[in-house]
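Novice: Below are the sequence and a predicted model for it; my questions follow.
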Amino acid sequence: MFSSELNPPKTLSILVPSYNVEKYVIECLESIETQLTNECEVIVYDDASTDNTVDIIKNSSIYKNPNFRLELGPQNKGLSHARNTLRSMASGEYLWFFDSDDKILDGAIDKILSIIHTSNVDIILFNFNFWYEDPTEQLLCTQTEQRPYVGASGAHSTNHVNAFSACLRSNNLHAHSKIYHKDLFREETDFPVGQIFEDISVVPLLMSLSKSVFYIDEPLYAYRQRPGSIISNMNATDAIKPLRAILDLKNRYEKVHGQINEEALSALMIFTMHQFRSAVRKIAKKAPADQKPRLLKEALEIFQNIHGRNYLYVMKACYKEEGLFYCLQISKRLLKAKIIAARSSQS
């Protein structure tokens, strides 16, 4: 039983939402338990699992640890609701959002606590590894280690523009590769309930609110790639959801900081073009013929709402950041999407 009187505020809260992860949750919790110290708390919020996840957690050795807490949600409300709920329960000065099918690598918690005690920064970032269950897939993965920050290892002073831009330019916006000071959170940083790609809406905004960060240029986290996950089960309709999340991010950013400036908008547009390119490709390959025009038209409309400029301006920014070849690829997809959407409107 958890008691706030017996368990004073911690340095680090490890926050783990769980839902139907009976095959993976033990490996996740064991990787945490072996490194757990009294400076940390672990809170698992189960989002009304329908498999044996809860029983497995209750029978695990970490369940008896005084620094561990299991909370049961009355009904399934999704990952964002679970994360928001966990944040409200946390007592730690720093928060780490952890996925229940992943694991941390050896020595991760000690390194993080050491930086917290010596650097007094708002956010700690670190690399993570893609983790495939299939040894063949792991072997074929050409870039296993992922970097969530464009910059040198160590401590950095930041402002809302350069932190926001560095996060977007990394193209890795996952919440799990960052530790956040609790004071960064506000209404605008709530994870959007009912929306996938929730990290896109929130993580760059949290970065923009930081005054200082510490980047660890080594992997501390293993990010499992598996069938059955939300991302692996995406259909053609889901392809435009990252674009919706980017528009949500822009709106949140401008609500907090005012109108977005040129440097931040440039980074946002480059990230948007990566997502737009991917969306058009997925729609072309997966969408039924009668749905393609509608989806492409919606993707174009969201893209226009994000950048708010003419396409020539966007292509200039793309050329400056990514070079001629990538600019031509984006131009080709934009043109195809506009032609298909225009033909649909005329029919």
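Specialist: Alright, I've got the coordinates. Numbers count the residues shown, from 1 in each chain.
Novice: pretty sure residue 244 is touching residue 302, no?
Specialist: Yes. Between residue 244 and residue 302 there is a contact under Cβ atoms under 8 Å: 6.1 Å. Backbone N, C-alpha and C define where each C-beta goes, glycine included.
Novice: Strands of this protein, start to end?
Specialist: Ranges of strands in the chain, per DSSP state E, are 12-18, 40-46, 68-72, 94-97, 103-104, 123-132, 145-146, 154-157, 178-181, 212-225.
Novice: quick check: angle from the second one to strand 68-72?
Specialist: With axes from the mean of the first three to the mean of the last three Cα atoms, to 10 degrees applied, the angle from strand 40-46 to strand 68-72 works out at 20 degrees.
Novice: what lines up beside strand 40-46 in the sheet?
Specialist: strand 12-18 (parallel), strand 68-72 (parallel) (DSSP bridges).
Novice: Same list, those, but as a markdown table with mean neighbour count, distance to residue 235 and mean pLDDT please.
Specialist: Output for the strands paired with strand 40-46, formatted as a markdown table (neighbours: other Cβ atoms under 10 Å; distance: least, Cβ to Cβ, whole Å; pLDDT from 0 to 100):
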| stretch | mean neighbour count | distance to residue 235 | mean pLDDT |
| --- | --- | --- | --- |
| strand 12-18 | 25 | 23 | 98 |
| strand 68-72 | 18 | 31 | 98 |
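Novice: and of the ones you listed, who's closest to residue 80?
Specialist: Proximity to residue 80 (Cβ to Cβ) singles out strand 12-18 among the strands paired with strand 40-46, at 9.2 Å.
Novice: roughly how far apart are the closest residue in space to residue 217 that isn't next to it in sequence and residue 132?
Specialist: Spatial nearest neighbour of residue 217, excluding adjacent residues (Cβ to Cβ, 6 or more residues apart in numbering): residue 153 at 3.7 Å. Distance of residue 153 to residue 132, given as Cβ to Cβ, to the nearest Å: 26 Å.
Novice: now do residue 226
Specialist: Counting by Cβ to Cβ, the gap from residue 226 to residue 132 is 8 Å.
Novice: Then residue 112?
Specialist: Residue 112 is 25 Å from residue 132, by Cβ to Cβ.
Novice: With neighbour numbers in mind, choose between those two.
Specialist: residue 112 (24 against 16; other Cβ atoms under 10 Å).
Novice: OK, contacts around the more buried one?
Specialist: 12, 94, 96, 124, 126, 179, 220 (Cβ atoms under 8 Å, 6 or more residues apart in numbering).
Novice: And those residues, which is closest to residue 235?
Specialist: Nearest to residue 235 among the contacts of residue 112, with distances taken as Cβ to Cβ, is residue 96, at 31.1 Å.
Novice: beta partners for that closest one?
Specialist: Per DSSP bridges, the residues bridged to residue 96 are residue 14.
Novice: how many other residues sit next to it?
Specialist: 26.
Novice: same check, this time on residue 34
Specialist: There are 11 residues near residue 34, going by other Cβ under 10 Å.
Novice: Report how many residues lie close to the closest residue to residue 13 other than its chain neighbours.
Specialist: Counting by Cβ to Cβ, 6+ apart, residue 13 lies nearest to residue 92, which is 3.1 Å off, once chain neighbours are set aside. Number of residues near residue 92 (other Cβ under 10 Å) recorded here: 21.
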